[in-house]
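Chemist: Kindly generate the corresponding structure for this input.
(2 chains)
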Amino acid sequence: MAVVDVELKIKRFNPEQDTKPHWETYEVRVEDTDRVVDALHEVKWHHDGTFSFRRSCVHGVCGSDAMVINGSNALACVLLIKDVGTKISVEPIRGLPVIKDLVVDMEPFFNQYKSVLPYLINSKDPGYEERKQSQEERDRFDDTTKCILCAACTTSCPIYWGNDSYVGPAAIVNAHRFIFDSRDEAAADRLDILNQRSGVWRCRTAFSCTEACPRDIKITQAIQEVKRAILYNRI
Amino acid sequence: MKIHRHSYDAVVVGAGGAGLRAAIETAGKCRVAVLTKLYPTRSHTGAAQGGMCAALANVEEDSWEWHAFDTVKGGDYLVDQPAAEIMCREAIDAVIELEHFGMPFNRTPEGRIDQRRFGGHTRNHGEGPVRRACYAADRTGHMILQTLYQQCLARDVNFFNEFQVLDIAFSENRVSGLVAYELATGDLHVFHTKAALFATGGYGRMFKVSSNAVTLTGDGPGVLYRRGIPMQDMEFFQFHPTGIYKLGILLSEAARGEGGILRNTEGERFMERYAPTVKDLAPRDLVSRAILTEVREGRGIGENKDYVHLDLTHLPPEQIDAKLPDITDFVRTYMGLEPKTQLIPIQPTAHYAMGGIPTNINAEVVVDSDNTVLPGLYAAGECACVSVHGANRLGTNSLLDIVVFGRRGGAAMAKYVNEVSHADLPAHIEDETRGQIERMKSATGGENVADIRGRLQEEMMDKASVFRTDESLRSVLDTVRSLRERYHRVSIQDKGEVFNYDLTEAIELGFLIDLAESLVVSALARTESRGAHFRDDHPTRDDVNWMRHSLAFRTDEGSVRLDYKPVVGGKYEPMERKY
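Modeler: Model (predicted):
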């Protein structure tokens, strides 16, 4: 652990004053084992209180603080200063409208998530006991249950930047989570949704989403599995 | 600043597990709005890790009565026993219902919900640990939060995201409205409503080292406290034994449930001395005190000898990957250590408020020592005090609490709003909130929110956490009151309307200061040690004088007045608490 001086370059935009974004640079003193979010707090709390960004749990499970850090999407609370160096650039995630500073409009993202029927659909009365599910069946969709809806994947996707009607990786991940759940009955409906022009075929397998995911979900693989399920009508 | 007006039958404040479960219960029965200052999936329910206990007996013999006994004993007999019985009995159906909602629990080889050990949960009244915690890896809370949110989407629940409730109005002695601040616009929204259910979570951010989200600032209790609702059992605040050193990030008790061991600087498994039967799986209050006793007696580790180790190195690596993937990742990310081969520095971290808004078993808020119900007002989850956790909550019982009492509160509220009409909304109920915001934006006192909050957190950690004395509590009370004076001179830099977190952090600090004061005053008065409240100067439990719940009221002069009400007993007589 060592005290370090960090130069933070932050892309700022205040809709009540600015017509376009601009960069501001701040010098803050932090420990190298601190998180990037700690450095952002230092800016906000002791340099410029007008700086706005979302955060909550500050340990990588709530998904509030996805942003572009040194050019790549990440959560500010899981990157340490010693991992990113002492010159750090921070800007809002791309592809969603910026409202203020690092705060973007999340509504389009959540609407795309909602479009894939992200809830268990099963019309059979299960009675008073749990539905049975083997460990293998449970493992089949384990990876995609980890999603925290931070939007790091979707907003790292070059296709999404160019075409915001694409549902994006996060929505497909959450569709995958139910399509491959042995208890669910609506896989065909979700596959129909993802077979549309806005669905999985927009994916060009750039792997940006997989690299961006702070939960290490194999997103590209999940998208490929959904594509195969559509092609071969099999899950 | 624009003022918008809405009319609903019921409003849920907060969208973590309790709020979402309440919303599901009201959906289709009345017009309900759910207000959250975050997005629902950002709520701190998602950070819960280890499990949710229910006596399913899927893997070994168990019964809900044993679970209730453990809950009462774990809470050091300050638990209201009828409430604990309801929670533990309904736990079984609550877990099954979550599974039906789509919750991806880990499974047994037979395909049933798997269960594992957890602190304080025992077979046959303390004979030994029992496998009672239903879980989904070490992200059970994440899965519950996602599942409940998904079910809300399926029911088309009406969310107002990033709306922060700042005031409540009563008329005709019942709830009539709420005032909420919209973060995106800075506008105020007045909700004319027959009922409100508060589910805003905890307030652990009054302590320096905490597992809580930075947004857990007690807004719901804070709003109600200022409007005359008492806060119950505030002196009972749980410190989780295994927070990551300095950061306070939670490492689930599941780590010990899977076989992890605590060790001091001599490498000794010191919990054998403190809890010979269940050892590392003793309840959290005992383990946190044991850790800090080791530190006090010079057996701590590190430069300042102020932490101990959590040892997972003897566990099979594949068990760690399968059962504890997230928390071992936290250790790698934040400590740079490999938990399969290296020891993990841990210290107790401020984790859970047992106290809060007093309620009965239907989540109706009760406002005095006679348990008088305030019609239309409900609370559930960590912000509430039923009391099922008494003086110390058992691990996993919080996830259980939110689904059981979220459901009960939602059901009671839906029934109530279908029986009554709206109370008349007082004129200009938004004026006080608007005045507060305008004053804060124009103030020039020069005091800094972060500095005051930092001092509050340090003082509360030093003097009002695991060990307390009359002297330490008087000292911290003086500090809290002087910090309130400084708080009146706070000025903020951001004068804007859009996502002005400078403003909302300042408002939140006001809630933290109020609640910290009520906690310290309650702790000062309780001259005994019980559960998480330990007084070095009164180290034993005093059932003659203190088998009663504290009620802290805010007085008109801005001070605290205490009252008490009896604990509701049951079949378990208080006995010495040994593990």
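Chemist: Name the residue closest to the centre of chain B, please.
Modeler: B:Glu382 (3.4 Å; Cα atoms, centre = their mean).
Chemist: okay, now the closest residue to chain B within chain A: neighbour count?
Modeler: Here chain A gets closest to chain B at one residue, A:Leu120, 2.9 Å apart by Cβ to the nearest Cβ. Every C-beta, even on glycine, is put in place using the N, C-alpha and C of the backbone. Neighbour count of A:Leu120, defined by other Cβ atoms under 10 Å in any protein chain shown: 23.
Chemist: Give me the number of neighbouring residues for A:Gly162.
Modeler: 10.
Chemist: what residues are up against it?
Modeler: Under the criterion of Cβ atoms under 8 Å, 6 or more residues apart in numbering or on different chains, A:Gly162 has no neighbours.
Chemist: how near is it to A:Gly95?
Modeler: In this view, A:Gly162 and A:Gly95 are 9 Å apart by Cβ to Cβ, to the nearest Å.
Chemist: Quick test: name the residue nearest the centre of chain A.
Modeler: Most central in chain A (Cα atoms, centre = their mean) works out to A:Ala151, at 2.4 Å.
Chemist: which SS class is the residue lying closest to that residue once chain neighbours are set aside?
Modeler: Among residues not flanking A:Ala151 along the chain, A:Phe109 sits closest, at 5.0 Å (Cβ to Cβ, 6 or more residues apart in numbering or on different chains). Secondary structure state of A:Phe109, per DSSP: H, G, I helix; E, B strand; the rest coil, is helix.
Chemist: ok, back up a step: what sits against the residue of chain A closest to chain B?
Modeler: A:Phe178, A:Asp181, A:Arg183, A:Asp184, B:Phe101, B:Gly102, B:Gln150.
Chemist: so it, which of the three states?
Modeler: coil.
Chemist: Can you pull the phi and psi angles for the residue in chain B that chain A sits nearest to?
Modeler: Nearest residue of chain B to chain A: B:Gly102, at 2.9 Å (Cβ to the nearest Cβ). Dihedral pair for B:Gly102: phi 110, psi 0, per degrees, to the nearest 10.
Chemist: neighbours around it, how many?
Modeler: By other Cβ under 10 Å, the residues close to B:Gly102 number 25.
Chemist: Tell me the spacing between it and B:Leu153.
Modeler: 12 Å.
Chemist: next one: A:Arg228
Modeler: 27 Å.
Chemist: Looking at the two, which one has more neighbours?
Modeler: Counted by other Cβ under 10 Å, A:Arg228 and B:Leu153 do not tie: B:Leu153 has more neighbours, with 16 against 13.
Chemist: wouldn't that one be in contact with A:Ile121 here?
Modeler: No. B:Leu153 is beyond contact range of A:Ile121, at 11.7 Å (criterion: Cβ atoms under 8 Å).
Chemist: mind listing what's buried in the lengthiest helix in chain A?
Modeler: Using DSSP state H to define each element, chain A has its longest helix at helix A:219-232. Neighbour counts over helix A:219-232 (16 or more other Cβ atoms under 10 Å in any protein chain shown) mark A:Ile219, A:Thr220, A:Ala222, A:Ile223, A:Glu225, A:Val226, A:Lys227, A:Ala229, A:Ile230 as buried.
Chemist: Report all helices and strands that the helix or strand harbouring B:Leu35 contacts.
Modeler: Counting by DSSP states H and E, the element that carries B:Leu35 is strand B:32-36. Applying 3 or more Cβ pairs under 8 Å, 6 or more residues apart in numbering or on different chains; DSSP states H and E, one finds that strand B:32-36 makes contact with strand B:3-13, helix B:17-26, strand B:158-161, strand B:163-171, strand B:188-198.
Chemist: List of residues touching it?
Modeler: Against strand B:32-36 from outside (Cβ under 8 Å, 6+ apart): B:6, B:8-15, B:19-20, B:23, B:26, B:40, B:43, B:152, B:157-165, B:178, B:180, B:191, B:193.
Chemist: now the closest residue to B:Thr540 other than its chain neighbours: how far from B:Met231?
Modeler: Nearest non-adjacent residue to B:Thr540, counting by Cβ to Cβ, 6+ apart: B:Ser529, 6.2 Å away. Noted for B:Ser529: a distance of 21 Å to B:Met231, by Cβ to Cβ.
Chemist: between these two, who's got more neighbours?
Modeler: B:Met231 (28 against 23).
Chemist: residues near B:Asp368, how many?
Modeler: By the criterion of other Cβ under 10 Å, B:Asp368 has 14 neighbours.
Chemist: likewise B:Ile92?
Modeler: So B:Ile92, with other Cβ under 10 Å, has 18 neighbours.
Chemist: show me the contacts for it.
Modeler: Counting by Cβ under 8 Å, 6+ apart, B:Ile92 has contacts B:Ala54, B:Ala55, B:Leu56, B:Trp64.
Chemist: Which pair of the residues you listed spans the longest distance?
Modeler: With distances taken as Cβ to Cβ, the most widely separated pair in the contacts of B:Ile92 is B:Leu56 and B:Trp64, at 9.6 Å.
Chemist: Would you confirm that B:Pro348 contacts B:His240?
Modeler: Yes. B:Pro348 lies in contact with B:His240 (Cβ under 8 Å); the separation is 6.5 Å.
Chemist: overlap in contacts of these two?
Modeler: Common neighbours of B:Pro348 and B:His240 (Cβ under 8 Å, 6+ apart) are B:Ser288.
Chemist: wait, does stretch A:189-208 make contact with chain B?
Modeler: No. Judged by Cβ under 8 Å from any Cβ of the partner chain, stretch A:189-208 and chain B are separated, with a smallest distance of 13.0 Å.
Chemist: ends of that stretch, how far apart?
Modeler: 27 Å (Cα to Cα, to the nearest Å).
Chemist: and that stretch, average pLDDT?
Modeler: Averaging pLDDT along stretch A:189-208 yields 96.
Chemist: pull the longest helix from chain B.
Modeler: From DSSP H, the single longest helix across chain B is helix B:501-525.
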